[in-house]
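**Student:** compute the structure for the input listed below.
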Amino acid sequence: MRDAGPADAPSVAALHAATRPGRYRGFASPAYLDGAAAADLLASWTRALAAPPAGSFVILDETGGALRAFISVKLAVEPGYDAFVYALHVDPARRGGGIGRRLLGLAVERLIDQGQRSLALRAFDGNPGAIRFYRRLGGAIEGHGLDDIGGATFPDTLIGWRDLPALAGACR
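**Tutor:** Residues are numbered from 1 along each chain as shown. A predicted model of the protein is given here:
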């Protein structure tokens, strides 16, 4: 596992795009998911990896030079939390093997080293497997909201942790 850099934007965007269609069908338009989404993600990740905000990071999990998963963490994004998981995506062919849990654990250990004490993320309500995954790791449902992808609004769930050492332990 390693930190992402600007040259990784195309592979991060491609994996992010590959994980979206099944999760967002019925909310975002198929035309967007099958077309403009990939270009939007490439532009977004190119900007994010070229000039990451202070304290933010993206960790990649690769094998044989191929990206298997990534996690992106930002600071001071969600009110009331020190850090926020912007994205955690695992290659659909590799889900269930513990990659996401290990990536989250590495990110949490880095946050602890930085002096952060709390973490949150938002999971799309149409992805109950993700919500179960985070709940099994001790995440508390802290609220509900709406998000936007490609001009479509969909409900999400805010999940948070106030004890990062406990979360790091759950990820081991």
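**Student:** going forward, measure contacts between C-alpha atoms and count neighbours the same way
**Tutor:** Will do.
**Student:** what sits up against stretch 70-87?
**Tutor:** Where contact means Cα atoms under 8 Å, 6 or more residues apart in numbering, the residues beyond stretch 70-87 that reach it are 12, 53-61, 88-90, 100, 103-104, 107, 111, 116-122.
**Student:** what separates stretch 4-19 from the chain centre, distance-wise?
**Tutor:** Between the centre of stretch 4-19 and the centre of its chain there are 12 Å (Cα atoms, centre = their mean, to the nearest Å).
**Student:** go through it and flag the buried ones.
**Tutor:** Using 16 or more other Cα atoms under 10 Å as the test for burial, stretch 4-19 gives 4-5, 8-10, 12-18.
**Student:** and for stretch 72-91?
**Tutor:** In stretch 72-91, counting by 16+ other Cα under 10 Å, buried: 72-75, 78, 81-91.
**Student:** check which helices and strands the strand or helix carrying residue 134 sits against.
**Tutor:** Remark: residue 134 resides in helix 128-136, with elements defined by DSSP states H and E. Using 3 or more Cα pairs under 8 Å, 6 or more residues apart in numbering; DSSP states H and E as the contact criterion, the secondary-structure elements in contact with helix 128-136 are strand 152-161.
**Student:** tell me the angle the strand it packs on makes with helix 128-136.
**Tutor:** Angle between the axes of strand 152-161 and helix 128-136 is 20 degrees (criterion: axes from the mean of the first three to the mean of the last three Cα atoms, to 10 degrees).
**Student:** just to revisit the earlier point, what subset of the contacts of stretch 70-87 is buried?
**Tutor:** Using 16+ other Cα under 10 Å, the buried ones in those are 12, 56-61, 88-90, 100, 103-104, 107, 111, 116-122.
**Student:** restricted to strands, list those.
**Tutor:** By the criterion of DSSP state E, membership of the buried ones among the contacts of stretch 70-87 in strands covers 57-61, 88-90, 119-122.
**Student:** got the residues you listed as CSV, with distance to residue 139 and pLDDT columns?
**Tutor:** Supplementary listing: those in CSV, determined by distance: Cα to Cα, whole Å; pLDDT from 0 to 100:
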residue, distance to residue 139, pLDDT
57, 21, 97
58, 21, 98
59, 21, 98
60, 23, 98
61, 23, 97
88, 15, 96
89, 18, 95
90, 19, 95
119, 9, 98
120, 8, 98
121, 9, 98
122, 11, 96
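**Student:** which one of the residues you listed is nearest residue 157?
**Tutor:** residue 122 (5.4 Å; Cα to Cα).
**Student:** wait, the closest one sits on residue 154?
**Tutor:** No. Applying Cα atoms under 8 Å, one finds residue 122 not in contact with residue 154, separated by 11.7 Å.
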